[in-house]
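A.B. asks: Model the following, please.
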Amino acid sequence: MDKATDPIGLAKMVERRLSQLKVTARLLSHEIELASGEKTVSLDRDLAESILTTLELFIEDAEGAKAKGTSGPIRKEPEKPQVTRLN
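C.D. replies: A predicted model of the protein is given here:
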């Protein structure tokens, strides 16, 4: 099967990038726990921008890979050098 149409490659790409989303989810969970008993949760602007950037990057990567049908740039096999013998 060609790498360009390999759904397993796309799944691996998503799996690798899920770690960024997991960190973001834990961060939000931590902030919610800190504000336990309150109706509102406060976030610093920098923290909110960081969360938004993480989500946007994941979305762009996933959409780009889905559109290309691949998990990244296709690497060509290195060509074997041709040996010419002179007799």
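A.B. asks: Report all helices and strands that the longest helix seen in the chain contacts.
C.D. replies: What stands out as the longest helix in the chain, according to DSSP state H, is helix 7-34. Under the contact criterion of 3 or more C-beta pairs under 8 Å, 6 or more residues apart in numbering; DSSP states H and E, the helices and strands touching helix 7-34 comprise helix 45-68. (Each C-beta comes from the backbone N, C-alpha and C, glycine too.)
A.B. asks: and the helix it packs on, how far out from the chain's middle?
C.D. replies: For helix 45-68, the gap between its own C-alpha mean and the chain's C-alpha mean amounts to 8 Å (C-alpha atoms, centre = their mean, to the nearest Å).
A.B. asks: Counting by contacts, list what that helix packs against.
C.D. replies: Under the contact criterion of 3+ C-beta pairs under 8 Å, 6+ apart, helix 45-68 touches helix 7-34.
A.B. asks: average pLDDT across the longest helix of the chain?
C.D. replies: Taken as a whole, helix 7-34 has a mean pLDDT of 84.
A.B. asks: Buried ones in that helix, by neighbour count?
C.D. replies: For helix 7-34, the neighbour count (16 or more other C-beta atoms under 10 Å) marks 9, 10, 13, 14, 24 as buried.
A.B. asks: my guess is the fourth one meets residue 62, correct?
C.D. replies: Spelled out, that is residue 14. Yes. Taking contact to mean C-beta atoms under 8 Å, the distance of 6.2 Å between residue 14 and residue 62 places them in contact.
A.B. asks: which SS state does residue 39 fall under?
C.D. replies: Following DSSP: H, G, I helix; E, B strand; the rest coil, residue 39 is assigned to coil.
A.B. asks: How many neighbouring residues does it have?
C.D. replies: Taking other C-beta atoms under 10 Å as the neighbour definition, residue 39 ends up with a count of 5.
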